[in-house]
Structure formats: structure tokens, C-alpha cells
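Novice: A predicted structure for the sequence below; I have some questions about it.
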Amino acid sequence: MSVLALRVGPVSTRVPARALVVSIVAAVLVAVGIAWSISVGVFPIPFTDVVGELTGLRRSADSTFIIRRLRLPRALTAALVGGAFGMSGQVFQRMVRNPLASPDILGVSAGAAVGAVAWIVLRDGSGPTVTFVALAGSILTVLAIYLLALKKGMSSYRLVLIGIGVTAMLNAVVAYLLTRAELFDAQRATIWLTGSVNNRGWSHVRPLAAALAVLVPVTLVNARPLRALELGDDTARGLGVPGRSPLVLAVSAAALAAVATAAAGPVGFVALVSPQIARRLVGPGPAALVPAGLVGAAIVVYADTLSRLVFSPIELPVGVVTAAVGAPYLLWLLVRSNRIGSGG
Amino acid sequence: MPNTAAPEEPGEVHPERPPRALARGGWSRAAGLLGLVVVAVGVAALSIAIGTRSIAPSDVLDALVRFDPLNDDHLIVRDLRVPRTILAFAVGGALGLAGGVMQGVTRNPLADPGLLGVNAGAALAVVVGIIAFDVTGVSGQVWFAFVGAAVAGVLVYSIGAMGRGGATPVKLAIAGAAMAALMGSITSALLLLDSATLDQYRFWAVGSVANRDLDVFGPALPFLALGAGLALASSRSLNGLALGEDVARSLGQRVGWSRAVAAASVVLLCGGATASAGPIWFVGLTVPHVARALTGPDHRWLLPYSMVLGAVLLTGADVIGRVIARPGELEVGVATAFLGAPVFIAFVRRRRIAEL
């Protein structure tokens, strides 16, 4: 595989050409998707107007408000949430070497779900407070799982099993709350549990973007040992991967998923499907964090747009559509892969 | 962060740390299994004796031996508690067994029996049944759930088996997860568009063994029995698969055939269980891990242990769920996870768990 070497001053990095191509294509797709997402709605805006408005080349007074105030933040939320889930999912799948692994093994979405559903059902909460309670729920759950798994050092197998246990318990609480809730609250809680970017404004985008601006670089910088970790714990240690680096990586990846969950709910399936798609596009070898993130962003942006187009005038939560968009594509890739080993 | 599963690497060897089992040697394993069966019988007896209405133990015994149709207490024991106990026992055992088989076939510790899409298919079928055919009540939902589970299981397995290489563990796992997500999204779309259905569905989805007569779940019992037979019969071939596909094949095993039989048993077991009691995934996911710690990785012991442990867990949780929320009840799906999880966590912390 051809590899490009980038050098900026003292910093240099190797970028596999195929991963670069996939990333560029995915990034263009995301940009087009955002513009498309903005042009679709009850008040349709021509695609060229959207592009003109976003690039600042051409402005028309009547669409500026709709684009800037209403639709752009929503599209950006979708893109950021998808990107965070995709990257976080890739880190976990690579680190635990398991295609079923996701940030959920650290209890991110279960903790957020208990917080949000309890707040909605018991306190009739709504709006931004749900976001904070969800974030608090996932942070507490990740901490609890981590502390429970900590015993004479950390074994990731134990971490996974304890994650399963805690997640099961929290999911039981959610199911219990749903059966005891008023039907209206149960419905609101179900929408939250599916994941939705309805009515997301700049007040959602700003904290989300700020968190990602910190977490994404931290994740990328600490991702170096991922390829060694994939060979197994012992081999990685033998190759000189320090014990601390995976921990920072796990925490930053879990935090990515936590802020995304807080902003939009546990958007179904993105953390699982985008790494798998990215991996099949990029090929074996590179950790492919950026491609996975961009694929995730593309999935959520297009899913959100489709959900508004197909079911109009009803707005189904985006989590319903992400699986409908991502799953068939993944299945197609799976069936099409005809070499043994490319299935993994 | 390490070793959960390396699905495509044949037979990883850890010579320096063999999987330690509590019960080593055939005799101690057999004795352990016998002990578990005794515990299971005790739990079943408790499940018949304890309930919302307090009935004296002597009356319970009378109801079983000298049944008097005019006695209310006898009727409660006969018509409510005995069927419920049988159901909890069968469902728990089926889920534990299916979980052990599923983790063996996919060689993945995160695999639960629902991974073949069984739970998601059952849920979708129940929702469609409620919306399109106005199916209310448990007796109709059972059939929809079972058909949905079977169709989904066959579909997932066929997709996973497409392409060269057949149904490899990774392809099965991904196909299952993708299909489950797809069906789940259709289910939630239908639920969100129709709140009356959500109102019925949420009570099915929580998982319960209450209010189900023998004639409701009776039809599922033959499927469960057939599934259990297939599962236990495939324990030897699962041992072969655990060595990795290439080794298994070189030992003369028909890999594709063994996988298909094991998957069929999971569909029967988990489909029957989900149809009769709703989606309960905690049992299938965690019980095999506990069983593996007790017996080591040999499926000939692991599977029977998983089955009995599953039955004990579900029945015991159901009894406790009846007691702690008096006069109401805690659904068994909630009680299993809520009571089982702390035990599971403590267990995982105390022991060095045998890895898959």
C-alpha cells in the first residue's frame, strides 16, 4: 500500500494513501450532506442558495434566518454527533479487538439513558436539563464501571464483563421506568432513547464543538499504540506500549461518545457500523480513526435529512433512520467481500 | 486493553495461564452439576410456595397431592404458580443454554442469543401483530413472536453465510448486529408513529412470566426441548470450533454443518423463550461466563451448567421480584438484571474469569 509522508516542521506523520482518499471523499460527502440537509424542509431552499449563504458569496435576506438560525445548527449537530460516535466506536472496536464492542461496554449510553429517562419520567424534565442529566449519568456510569473493574491493575476482559453487568442493570431500570411512566412521558423517553437531533440550536452545537475540539486531538495523539494493541496485550507490552496510553485513549473515546449521547441521545448503531464500513473501505492496517469519524458524520447527516424527506411532515427521530441507512450498506459490504479474512 | 476475542486467529494459546476452573476433573464437575440441580429444585419449590397471597406450606403441598377444585388456595397454586414456575424454569434454562451455544459459535464473549436477530425479529413481529391484526394479550403475541424470531434467525444466518468462507464468527456477529439494528429501527419507527401500540408493547418488552397459562406457552415447550437436544448434542463440535476453524476442519469436523446445527438450536431456544416471556437478554449473556468460570471451556460441561444456572437465576429472580415489590410485582426481566447484575459483578471481581 502506498504511504504518504507528511512533514510540517518537526512534526511528521505517515498517511496511507487509501485512507486519505476515503477521508477526502467522506468529507466531501459530509459537506454536501450538510448543504442538502439545510435545503430540505417545510420551506425548501434551493441548493445553490444554501451553498452561496454558507460560503458567504451570495446572501438573500429571507433565507439567511432559516439557514443560520434553524437548519445549520441542526445539520452541524448531526455531523458532530456522528463523527464522535464513529471515532469512538473505532477506538473501542480496535482496542478490544471485537467488532461488537462499542462505547456502550463502558456504559456510556446506558448511564445516559437512565439519567435522561428518569429525568423525563420522574421529574417531567425537558430541554437542556435532559442533556446535562444524561451527561452526568454517563460520566458516573463510566467511573463506576472503571472503579469496579480496577483490581490489581486493569484487565480489559474484566472491564468488558463488568460493563455488561452494569449496563444490564441500568437497562433494567430504564425498562422499569418505561412501564411505570405516563404514556406521554414514555413516548418522549422513547424518542430520546432512539436518538434525535430535532430542535437542536447553537446552544447545543457550541458546547459539543468545544468538547470535540479538545477530545478529537487527544484521541488521535493517543491512538498510536492502537495497532500494537491489536496484536494482543502481551505483544503490545513487548513492543513497548506503556500501560497508561490505552487508558487515556479509552477515557477520551468514552468522553467523545458521552458528549455525543448527551447532545442527541444514543443514536442507534452509528458507533458500531461506521468503523466496520470505514475498515472495509480503507482496508486492513491503518487505525482509520478519521475515516470512521467522517463515515459516522455522513451517516447521521444523511439519515437526518432522509428522515425529514421520507416521512414528511412527521419528523421521525434520526436514530430510526441511521440503522436503515447504515445496516443495508454494511450487509452489502459483508456479502460482497469474497476473500476470507476481509470479512473480519 | 486486551483479550476479549480474536475471532480470526486460530487457537490462541496461553501456556502460562491455563483457564482455571473451580470444578476440575469429571467427578467434581458432575457433583457440582448435581448440587446445582438440587438448588434448582429448591428454588422451584420456593417459587410454588411463595407469592403475593400467603398460603401455608401444608396447603401448598395439599394442592399438589390432594387437589381440591373448590379451594381458592389450591386453585392459585395449581393454575397460577405451577405454570409460572415451569415457564420461568424453561425460559431460564433455554436462555442460559442458548447463550452458551451462541458464545461458542461466534467465539465472542459479547454475543448473546439475541445476536441472531431473534429478539429483534420477535419484537418486530409483535408490534406488527398489534398494529395490523389488533393482537392483544399474551396468547396471540406468543405466536407472532415465535414466527418473527424464526424468520429473523434464518435470515441472519443466511446473510452471514453468504460469500466465500461461509458463516464465520465475525460475519455472523456483524450480520446479526446489523439486522437486529435494522429491525429495531423499524420497530421503533412503528412505535413512535402509533402511541397505542407503544402502550401495549412496553409491557411485552419488559419481559415477564406472569399471567401465562400452560396452554399459552405450552406450544413453545416442544420447540424448547428440541432446541435443548440439538444444543447439548453439538457440545462436542463446539469444542472443535473453539480451536479455530482450520484446526476443527483438520480434525475431520464439518465446520459449516456444526455451525448451522448450533445456530438452529439457538433460534429454537431463544425464539421459544422470547415468545413466551418477552426479550430477556441478561441471562443468555452472563450465565455462560459464570458457568465457564466454574467448569472451564469444555462445552460438554459448560452447556449443562449454563442451562441449570439460567433456570436457577430466572426462577430465583422471579420469586424475589414477587416478594420485594408487594403487593405489586417486579417483572422478571427487570428483576433478573437488577438482582443478577450485582452478583455477576461481584463474581467477576472475585475470580479470574476463564477467557473464551
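Specialist: Yep, that arrived. Computed from a prediction, not measured in an experiment: that's the story for all the values here. Residues are numbered from 1 along each chain as shown, chains lettered A, B, ... in the order given.
Novice: residue numbers of the stretch 101-250 of chain A in contact with chain B?
Specialist: Within the stretch 101-250 of chain A, the positions adjacent to chain B are A:101, A:105, A:148-149, A:151, A:154-162, A:164-166, A:168-169, A:171-173, A:175-176, A:178-179, A:183, A:186-187, A:190-191, A:194, A:229, A:232-234, A:236, A:246, A:250 by C-beta under 8 Å from any C-beta of the partner chain. The C-beta positions use only the backbone N, C-alpha and C, and glycine is treated the same way.
Novice: give the buried subset of the residues you listed as a PyMOL selection command.
Specialist: Filtering these down to the buried ones (16 or more other C-beta atoms under 10 Å in any protein chain shown) takes a single PyMOL command:
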select buried, chain A and resi 101+105+148+149+154+155+156+157+158+159+160+161+162+164+165+166+168+169+171+172+173+175+176+178+186+187+190+191+194+229+232+233+236+246+250
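Novice: and stretch B:252-272, how far from the chain's centre?
Specialist: A distance of 15 Å separates the centroid of the chain from that of stretch B:252-272, by C-alpha atoms, centre = their mean, to the nearest Å.
Novice: CA atoms only: put that stretch into CSV for me.
Specialist: The C-alpha coordinates for stretch B:252-272 follow below in CSV (Å, rounded to 0.1, in the frame of the first residue of the first chain):
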residue,chain,number,x,y,z
GLY,B,252,-12.3,-34.0,10.4
GLN,B,253,-15.1,-31.8,11.6
ARG,B,254,-17.8,-30.5,9.1
VAL,B,255,-17.5,-26.9,10.2
GLY,B,256,-20.4,-25.4,8.3
TRP,B,257,-22.7,-28.2,9.4
SER,B,258,-21.8,-27.9,13.1
ARG,B,259,-22.4,-24.1,12.9
ALA,B,260,-25.7,-24.5,11.3
VAL,B,261,-27.0,-27.0,13.8
ALA,B,262,-25.8,-24.9,16.7
ALA,B,263,-27.4,-21.8,15.2
ALA,B,264,-30.7,-23.7,14.7
SER,B,265,-30.7,-24.7,18.4
VAL,B,266,-30.2,-21.1,19.4
VAL,B,267,-33.1,-20.0,17.2
LEU,B,268,-35.4,-22.7,18.7
LEU,B,269,-34.3,-22.0,22.3
CYS,B,270,-34.2,-18.2,22.2
GLY,B,271,-37.2,-17.9,20.0
GLY,B,272,-39.3,-20.1,22.2
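Novice: buried residues in that stretch?
Specialist: B:253, B:255, B:258-272.
Novice: dump the C-alpha coordinates for stretch A:113-132 into PDB.
Specialist: The C-alpha coordinates for stretch A:113-132 follow below in PDB (Å, rounded to 0.1, in the frame of the first residue of the first chain):
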ATOM      1  CA  ALA A 113     -30.400   6.600  29.200                       C
ATOM      2  CA  VAL A 114     -31.100   6.100  32.900                       C
ATOM      3  CA  GLY A 115     -30.300   9.800  33.600                       C
ATOM      4  CA  ALA A 116     -32.400  11.100  30.800                       C
ATOM      5  CA  VAL A 117     -35.400   8.700  31.200                       C
ATOM      6  CA  ALA A 118     -35.500   9.200  34.900                       C
ATOM      7  CA  TRP A 119     -35.500  12.900  34.400                       C
ATOM      8  CA  ILE A 120     -38.200  12.800  31.800                       C
ATOM      9  CA  VAL A 121     -40.400  10.300  33.600                       C
ATOM     10  CA  LEU A 122     -40.000  11.300  37.200                       C
ATOM     11  CA  ARG A 123     -39.400  15.000  37.000                       C
ATOM     12  CA  ASP A 124     -41.100  15.800  33.800                       C
ATOM     13  CA  GLY A 125     -37.900  17.300  32.600                       C
ATOM     14  CA  SER A 126     -37.200  18.500  29.100                       C
ATOM     15  CA  GLY A 127     -34.800  20.600  27.000                       C
ATOM     16  CA  PRO A 128     -31.200  21.400  28.000                       C
ATOM     17  CA  THR A 129     -31.600  19.900  31.500                       C
ATOM     18  CA  VAL A 130     -32.000  16.400  30.000                       C
ATOM     19  CA  THR A 131     -28.700  16.900  28.200                       C
ATOM     20  CA  PHE A 132     -26.900  17.700  31.500                       C
END
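Novice: in that stretch, which residues are buried?
Specialist: Quick answer for stretch A:113-132 (16+ other C-beta under 10 Å): A:113, A:114, A:115, A:116, A:117, A:118, A:119, A:120, A:121, A:125, A:130, A:131.
Novice: wait, a helix at the fourth one?
Specialist: Put plainly, it is residue A:116. Yes. Looking at residue A:116 with DSSP: H, G, I helix; E, B strand; the rest coil, it is inside a helix.
Novice: distance check, it against residue A:81.
Specialist: 15 Å (C-beta to C-beta, to the nearest Å).
Novice: find the centremost residue of the chain, please.
Specialist: You didn't pick a chain, so chain A it is. When C-alpha atoms, centre = their mean is applied to chain A, the residue found nearest the centroid is residue A:85 (1.2 Å).
Novice: that's the other chain; I wanted chain B
Specialist: residue B:95 (1.1 Å).
Novice: which single one of the buried residues of stretch A:113-132 is nearest to residue A:325?
Specialist: Of all the buried residues of stretch A:113-132, residue A:325 sits closest to residue A:113, with 22.4 Å by C-beta to C-beta.
Novice: my guess is the closest one contacts residue A:266. True?
Specialist: Yes. Counting by C-beta atoms under 8 Å, residue A:113 does reach residue A:266; the two are 6.4 Å apart.
Novice: the helices in the stretch 201-344 of chain A, which residues?
Specialist: A:202-222, A:226-229, A:233-238, A:244-264, A:270-282, A:289-310, A:318-336 (DSSP state H, counting those that start in this stretch).
Novice: ok so, going back, any chance of the buried residues of stretch A:113-132 in a markdown table, plus pLDDT?
Specialist: Listed next are the buried residues of stretch A:113-132 as a markdown table, based on pLDDT from 0 to 100:
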| residue | pLDDT |
| --- | --- |
| A:113 | 88 |
| A:114 | 90 |
| A:115 | 89 |
| A:116 | 88 |
| A:117 | 88 |
| A:118 | 88 |
| A:119 | 87 |
| A:120 | 85 |
| A:121 | 84 |
| A:125 | 69 |
| A:130 | 82 |
| A:131 | 83 |
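Novice: which two in those residues are spaced the farthest apart?
Specialist: A:121 and A:131 (16.3 Å).
Novice: what's the first-to-last distance across stretch B:243-263?
Specialist: 18 Å (C-alpha to C-alpha, to the nearest Å).
Novice: so what's the gap between it and the chain middle?
Specialist: Put simply, stretch B:243-263 sits 24 Å off its chain's centre (C-alpha atoms, centre = their mean).
Novice: for that stretch, what does the pLDDT average out to?
Specialist: Throughout stretch B:243-263, pLDDT has a mean value of 84.
Novice: any residue of it up close to chain A?
Specialist: No. Using C-beta under 8 Å from any C-beta, stretch B:243-263 never reaches chain A; the gap is at least 9.3 Å.
Novice: any figure for the gap between the residue nearest to the centre of chain B and chain A?
Specialist: 13 Å (C-beta to the nearest C-beta, to the nearest Å).
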